[in-house]
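Visitor: Here is the input, now give the coordinates:
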Amino acid sequence: MDELRPATTQVPDDLAALSAIIRLKGGLCPLERLEDITIDFQSHSNYVQNLLDSGSSFGDKFGIILGPYGSGKTHILQVTKHLALSQGFAVAHLSQDTGLNSLGHPERHVFNLVRSLRFPSPHGTMLEWLGTLLDDPKERGLFETSLRGLRSECRSLVDAALWILQQAPRSLQTGLLLEYLSGALLIGKSATTSSRLQAYELVRFCVIFAPRILGCKGLVLIVDELENLFSNAVYWNILSRRLAYRTLSYYTEALPQTTTVCALTPSGWNLLHSEVQQASSGVLLEVERMGGEKMEALFGRILRTRPHEVTRFTGKDYHVFLDRLAALHSEARAYPRSSVDSSSFLPRISAGMTPRIFAKCIVSALDHNWFERVVRPASGN
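Guide: Coordinates of the predicted model:
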């Protein structure tokens, strides 16, 4: 069988440093050159590698990144994503900004989950790849054939997708299919059993599609800021958390070849661990569940998991981080590293300083210095 055409979304090597500093300047985690700026990269990558390896003893395909505010947990999750993609895994991501607050209702967050789904290079994100692929008649035919091969696992979803490709007006087919497979049609639905099952089927389809059609090794599901299950109004509603546990248990237990990595604070971990320990004597398990929602198995994973702990940066860490950022910036802007004394840009390290804020400040200052030294004189202004 012919292979489906990949997309071309990879950043060229000669632009990787520039791409990294642009994202850092915007307060975002870079997608490239992570190994060059990550403090204690080897320790973090070893933990992730143990999770990805089939013989892992670190929580049986379930990992916890544990650390206080400002310790760089989100950055370590980005390292996890980078390593997983480089080794042939697909990656999907949920955080407070992309649906964690609706974790108990998959019909409300599945759109963000699918939108975040990224395949290994050179395929890119699922929706971008699929959108370009469907414009080619030959690729469309290959995709239809691939869909039929998944019908036994996701019958209703595949039948609906094939109907769109075969019966809908030609000019509308790509848009309708992307809307359907993205989960956008589920966003406004009420929290019924039917909509929950539809969301589960869509996630399952994506997880099966990745290894079966694209040859991925599996899926890595990243869940950031899990401590938010115990904050705001959710803290006072154990029934809301029970819904969230049901959803998370489906993702960890029912989806084949899936590794889940969560990040949370020590206080959030203590609350989660305590609640899970006492689950058998409370209301968490006293609920009718759908097939695949195995909360007991999820709770067992959580209790067996040994978290990978990260700590707040020390003054020494920030100095090392400064040197690495300066080296990356000199490469991106093509000037000799020795031409700038980076120590003069070191800000005051206050209690509220975080690696993300620090990186944004340093890169912005270095960029301003570069502009004043190089760009402005060259332009004659």
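
Visitor: isn't residue 186 right next to residue 110, touching?
Guide: Yes. Shown here, residue 186 and residue 110 form a contact pair, counting by CB atoms under 8 Å, at 5.9 Å. Any C-beta I mention is one placed from the backbone N, CA and C, and that applies to glycine too.

Visitor: Identify the contacts common to these two.
Guide: Common neighbours of residue 186 and residue 110 (criterion: CB atoms under 8 Å, 6 or more residues apart in numbering): 199, 202.

Visitor: With neighbour numbers in mind, choose between the two.
Guide: The neighbour count for residue 186 versus residue 110, taken as other CB atoms under 10 Å, is higher for residue 110 (27 against 20).

Visitor: Which helix or strand lies directly C-terminal to the strand or helix carrying that one?
Guide: Assigned by DSSP states H and E, residue 110 falls within helix 106-116. Heading C-terminal from helix 106-116, the first helix or strand you meet, by DSSP H and E, is strand 118-119.

Visitor: who touches residue 357 in this structure?
Guide: Residue 357 touches residue 27, counting by CB under 8 Å, 6+ apart.

Visitor: Check residue 83 too.
Guide: Counted by CB under 8 Å, 6+ apart, residue 83 has contacts 45, 48, 49, 52.

Visitor: now residue 269, nearest residue through space, not along the chain?
Guide: With sequence-adjacent residues excluded and distances taken as CB to CB, 6 or more residues apart in numbering, residue 269 is closest to residue 66, at 5.5 Å.

Visitor: Okay, and the beta partners of the one residue sitting closest to the centre of the chain?
Guide: Centroid-nearest residue in the chain: residue 93, 2.8 Å away (criterion: CA atoms, centre = their mean). Per DSSP bridges, the residues bridged to residue 93 are residue 222.

Visitor: Was I right to think it contacts residue 224?
Guide: Yes. In this structure, residue 93 is within contact of residue 224 by CB under 8 Å, at 7.2 Å.

Visitor: residues shared between the contacts of these two?
Guide: In contact with both residue 93 and residue 224: residue 77, using CB under 8 Å, 6+ apart.

Visitor: Kindly write the PyMOL command that selects the buried subset of the contacts of residue 83.
Guide: PyMOL command restricting the contacts of residue 83 to the buried ones, with burial defined by 16 or more other CB atoms under 10 Å:
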select buried, resi 45+48+52
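
Visitor: Tabulate the contacts of residue 83 (a markdown table), appending secondary structure, pLDDT and distance to residue 289.
Guide: What follows is the contacts of residue 83, written out as a markdown table (DSSP: H, G, I helix; E, B strand; the rest coil; pLDDT from 0 to 100; distance: CB to CB, whole Å):
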| residue | secondary structure | pLDDT | distance to residue 289 |
| --- | --- | --- | --- |
| 45 | helix | 91 | 36 |
| 48 | helix | 91 | 31 |
| 49 | helix | 91 | 33 |
| 52 | helix | 89 | 29 |
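
Visitor: just curious, which of the contacts of residue 83 is nearest to residue 38?
Guide: residue 45 (8.5 Å; CB to CB).

Visitor: Report the contact partners of that closest one.
Guide: Residues near residue 45 by CB under 8 Å, 6+ apart: 35, 79, 83.

Visitor: which of the residues you listed lies closest to residue 161?
Guide: residue 83 (31.8 Å).

Visitor: For residue 190, see how far away that closest one is.
Guide: Distance from residue 83 to residue 190, counting by CB to CB, to the nearest Å: 39 Å.

Visitor: returning to that earlier point: can you lay out the contacts of residue 83 as a markdown table showing distance to residue 240?
Guide: Converted to a markdown table, the contacts of residue 83 look like this (distance: CB to CB, whole Å):
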| residue | distance to residue 240 |
| --- | --- |
| 45 | 35 |
| 48 | 30 |
| 49 | 35 |
| 52 | 32 |
